[in-house]
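J.: A structural model of the following input is requested.
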Amino acid sequence: MFAATTLGCLAAAFAGCSVTNSSPASGSVVPSATQRAHSQSGSQKYDFTTLDDPQTSTYTKVLGMNNEGKLVGYYGSNPSIGFYATPPYGPNNFHEVVYPSSADTIVSAVNDKAYVAGYYVGQKGATLGFTFWQGLYFNFADRFAEGSPPVTELIGLNDSDDAVGFYVNANGVDVPVQMSLATGLFQKIKTPAGESAVATAMSGHGHIVGYAKTSSGNDVAWILIGTVRSEFSYPGAAATRAYGITTYDHIVGSYTDASGNTHGFFVTNALNKRATWQAIDDPLAAGTTVITNINIHGDIVGYYVDSAGNTHGFFATPST
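T.: A predicted model of the protein is given here:
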């Protein structure tokens, strides 16, 4: 089901800063040093830029990006406020996205048609998916979302206007789904009986990635190509989550090592014995880096946690 509401976006100020390799200031855009990422094989280096909303110096996450460099995410945790940003990510290029009358708004995806998708928490606690386009909000709820309160989240979006995400069923299990923005109809992604899984991104070819919880309680990444779903994990990792995929099946996400630290990863040919894996950490991170998306140019976005426990968004480009 869906409904529409007309609402303008509120501009969020963003200040620039040229500090290198230091703790980010409030509302800063901080170019950090080139990251010399360690890897299983492959050694692509990245130039990282910290992106913090001026409303908070302690909590910003960048969750999505399109091929034109438009970024989306949210800041704050009580409440959470969504945003979208356009290059060059200066003071006038960040805009708030707040679903009407919501308690929290999370913006998780954007496509090249400027559709924005995510989810919000209503005043009564229910979580619904939503899209935003040209001043219009539409909300979506899978009819099988029977949790208490009910939960439907849209996490990924491709240029064919197909979204992916999950809902929570009556047993508290996450069920991955695909949805067409044109019809608002959800289609369940087949998983083993009782498995809790989340769909996070969908490529232009319709390939879907996500992660599922194993019997041991850890996460394993998966990719769905046609009707065949295959699992994969970063070598030696305790847990792996896939968050983004390109048209060429280049995949990004995060993994947890044996010490409990979280690192971003980039992989090509994930299902092949010759898969090329690369671990990637923001230079300012202290134990946690998560890569949430990648575009066709190889740019990546995500967030990291610093030594003070603050969460910062980042944008990174491949070094030449």
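
J.: Just the strands from the stretch 101-250 of the chain, written as ranges.
T.: Along the stretch 101-250 of the chain, the stretches classed as strands by DSSP state E, counting those that start in this stretch are 104-110, 116-121, 127-133, 136-140, 152-157, 162-168, 174-180, 186-188, 197-202, 208-213, 219-225, 228-232, 239-245.

J.: Report all helices and strands that the last one contacts.
T.: Looking back up the chat, that one is strand 239-245. Judged by 3 or more C-beta pairs under 8 Å, 6 or more residues apart in numbering; DSSP states H and E, the packing partners of strand 239-245 are strand 197-202, strand 208-213, strand 219-225, strand 251-256, strand 288-294. (Each C-beta comes from the backbone N, C-alpha and C, glycine too.)

J.: got the angle for the third one vs strand 228-232?
T.: Per axes from the mean of the first three to the mean of the last three C-alpha atoms, to 10 degrees, the angle that strand 219-225 makes with strand 228-232 is 150 degrees.

J.: Quote the end-to-end distance of stretch 302-311.
T.: Start and end residues of stretch 302-311 are separated by 10 Å (C-alpha to C-alpha, to the nearest Å).

J.: Flag every buried residue along stretch 298-309.
T.: Neighbour counts over stretch 298-309 (16 or more other C-beta atoms under 10 Å) mark Asp299, Ile300, Val301, Gly302, Tyr303, Tyr304, Val305, Asp306 as buried.

J.: Could you verify my assumption that the fourth one touches Thr289?
T.: Yes: distance between Gly302 and Thr289: 6.8 Å, which falls inside the contact criterion (C-beta atoms under 8 Å).

J.: of the helices and strands packed on strand 239-245, which approaches Asp47 most closely?
T.: strand 288-294 (14.6 Å; C-beta to C-beta).

J.: Show me what the helix or strand just after that closest one pairs with in its sheet, parallel or antiparallel.
T.: Following strand 288-294 in sequence order, the next helix or strand is strand 300-305 (DSSP states H and E). With DSSP bridges as the test, strand 300-305 is paired with strand 288-294 (antiparallel), strand 311-318 (antiparallel).

J.: The last one: which residues count as buried?
T.: Neighbour-count burial for strand 311-318, with 16+ other C-beta under 10 Å as criterion, is recorded at Thr311, His312, Gly313, Phe314, Phe315, Ala316.

J.: residues in contact with the residue nearest in space to the middle of the chain?
T.: Taking C-alpha atoms, centre = their mean as the criterion, Leu63 is the residue nearest the geometric centre of the chain, at 3.4 Å. Each residue near Leu63 by C-beta atoms under 8 Å, 6 or more residues apart in numbering is listed here: Val72, Gly73, Tyr74, Ile106, Val107, Ser108, Ala109, Gly118, Thr292, Asn293, Val301.

J.: How many residues are close by Ser57?
T.: Residues within reach of Ser57, counting by other C-beta atoms under 10 Å, total 18.

J.: Just to check, it is in contact with Asn310?
T.: Yes: using C-beta under 8 Å, Ser57 is in contact with Asn310, at 6.8 Å.

J.: follow-up on the earlier one: for PyMOL, write a command that selects the buried ones of the contacts of Leu63.
T.: A single PyMOL command is used to select the members of the contacts of Leu63 judged buried by 16+ other C-beta under 10 Å:
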select buried, resi 72+73+74+106+107+108+109+118+292+293+301
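
J.: Among the contacts of Leu63, which one lies nearest to Val151?
T.: Closest to Val151 out of the contacts of Leu63 is Ile106 (12.1 Å), distances taken as C-beta to C-beta.

J.: ok, back up a step: out of the contacts of Leu63, who's nearest Ala182?
T.: Distance ranking of the contacts of Leu63 against Ala182, using C-beta to C-beta, places Ala109 first at 16.3 Å.

J.: measure the closest one to Asn272 for me?
T.: 27 Å (C-beta to C-beta, to the nearest Å).

J.: pLDDT score assigned to the residue nearest to the centre of the chain?
T.: You'll see Leu63 listed with a pLDDT of 98.

J.: and after the helix or strand containing it, which helix or strand comes next?
T.: Leu63 belongs to strand 60-65 when assigned by DSSP H and E. Per DSSP H and E, strand 60-65 leads on to strand 71-75 as the next helix or strand towards the C-terminus.
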